[in-house]
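Asks: Here is the input, now give the coordinates:
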Amino acid sequence: MAMTPRENFRAAMERSGPEWVPLDMGKHIGSIHKLHYAALRPLLPELGLREGELILDRMAQTVVPDEELLQYLNVDFRWLVPNWVQVVERDDMDGYIDMWGVPYRGAHGDHFAVDSLAKAPLADVETVEEVEAFPWPDTEDPAQFSGLGERAKDLFENTGYVLGADAIKAGPLMSALQMRGYEQFFIDLVINPELADAIMGRITDALCRMWTRFMEEVGPYVQIAYVTDDLGTQTSLLLSPKVYRKRIKPFHTRLHQHIKSCADVYVMMHTDGAVLPLIEDLIETGADILNPVQTSTAGMDETAELKARYGDRLAFHGAIDVQQMMPNATLEELRWEIARRMTDLGNGGGYIIAPCHNIGHDIPPENTLAFFEMVREMGRYPLNLDDVLESDASYFDRLKRESGE
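Replies: I've put the predicted structure just below:
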């Protein structure tokens, strides 16, 4: 009897003989931009897709994908997404202020970004007491997880999909940078560590309480919990390994272990960028899965080496680049890239294939549909994709040749 997606995911995580490489799409970092969704609709008239009016992530302007589309693409995951709460609309421009007091401004209807021209909400605090006195989010807001328990129970009992608790959109470092101001908080980490710890500690307190409530709703039904906190840039870390280990890692460890104490889940951590020097540390925090394996960044492109060094202790999610490869690759290059990442990361299990970030409107919709079709075609075990790899049709190698590297 064939496995359900949930059973297959468990086998992939346990490295115990999955039938296919699990395929994901649809969480708040990893869905489809509204303009790309509109471009997909005419290519799939038989599905009768909505017009993308249900926004999943307001900042990125991604949409809630139709169930019909998820089924058509053979996506194995269904995500339970916290509701946007405690958001205040700005009256001075197209924008909003989130539950952490961080102001966002619109970018011509394309997305929203942190408003770097506005004062950060914790910019003026000088003492731990002032941090404590700040109006922190209401962690008991009943609207934040309203309806998610019922949906999780229904999906668990009536489908075989992998169920995930999507991220509460905050992280100890990411939120501290946004709330204090990027430059000032980086300074605080070095010259005012007591204040930096107070800010990250208060953020972590709130997140732990929110995750407790989230797991009270969906914990009996979900297999995976998703957390986010960016640590890297295209070429390097945001901060040194030494500073990470001393100042940030304790808060990640506390949060990840707290989530695991609330439910029997794998913790998947999202961090963009060139984070190779911190992978061992992330494993030690309790992260079970690394997302997104951004192969267009320094050190993250050698996926076979990542698997060899960490694959017995860490699973990988993503590795299909949306920044350069999917917008510009030929179909032959796309096929080769899928084959390579499956071969490198999927040997024996421990890999979930997915676009490594949101599917943007700069990606040809034909490439998106081809990606999912190729995964369906090539992703069954045993993985034997040598005939595809023989072509050496690497988009990234072509890019290097054309740039004279």
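
Asks: The spatially closest residue to Gln234 that is not a sequence neighbour: what secondary structure?
Replies: In space, and not counting its chain neighbours, Gln234 is closest to Thr297: 5.2 Å by CB to CB, 6 or more residues apart in numbering. Just so you know, the C-beta spots here come from the backbone N, C-alpha and C atoms, and that holds for glycine as well. With DSSP: H, G, I helix; E, B strand; the rest coil as the basis, Thr297 sits in coil.

Asks: next one: Arg78
Replies: Under three-state DSSP, Arg78 comes out as strand.

Asks: what do you get for Met269?
Replies: Here Met269 is strand, with the state taken from three-state DSSP.

Asks: where does it land on pLDDT?
Replies: Note on Met269: pLDDT of 98.

Asks: and the longest helix for this structure?
Replies: Scanning the chain for the helix with the most residues, using DSSP state H, yields helix 193-218.

Asks: So what's the residue count around the residue nearest to Gln234?
Replies: Number of residues near Thr297 (other CB atoms under 10 Å) recorded here: 22.

Asks: Next, give phi and psi for it.
Replies: Note on Thr297: backbone dihedrals following degrees, to the nearest 10 are phi -110, psi 160.

Asks: Could you do Lys119 as well?
Replies: Here the main-chain torsion angles of Lys119 (degrees, to the nearest 10) amount to phi -70, psi 130.

Asks: do the same with Ile55
Replies: Note on Ile55: backbone dihedrals following degrees, to the nearest 10 are phi -80, psi 130.

Asks: mind starting the numbering at 8 from now?
Replies: Right, with 8 as the first residue, what we last looked at is Ile62.

Asks: Tell me if I'm right that it and Val88 touch.
Replies: No - taking contacts as CB atoms under 8 Å, Ile62 lies outside contact range of Val88: 10.9 Å.

Asks: Find the residues that touch each one of those two.
Replies: Val71 (CB atoms under 8 Å, 6 or more residues apart in numbering).

Asks: Show me which of the two is the more surrounded one.
Replies: Comparing Ile62 with Val88 by other CB under 10 Å, the one with more neighbours is Val88, at 22 against 15.

Asks: How about the contacts made by the more buried one?
Replies: Val88 is in contact with 34-35, 63, 71, 155, 173, counting by CB under 8 Å, 6+ apart.

Asks: 10 Å - rerun?
Replies: By CB atoms under 10 Å, 6 or more residues apart in numbering, Val88 lies in contact with 33-35, 38, 63-64, 71, 152, 155, 158, 171-176, 233.
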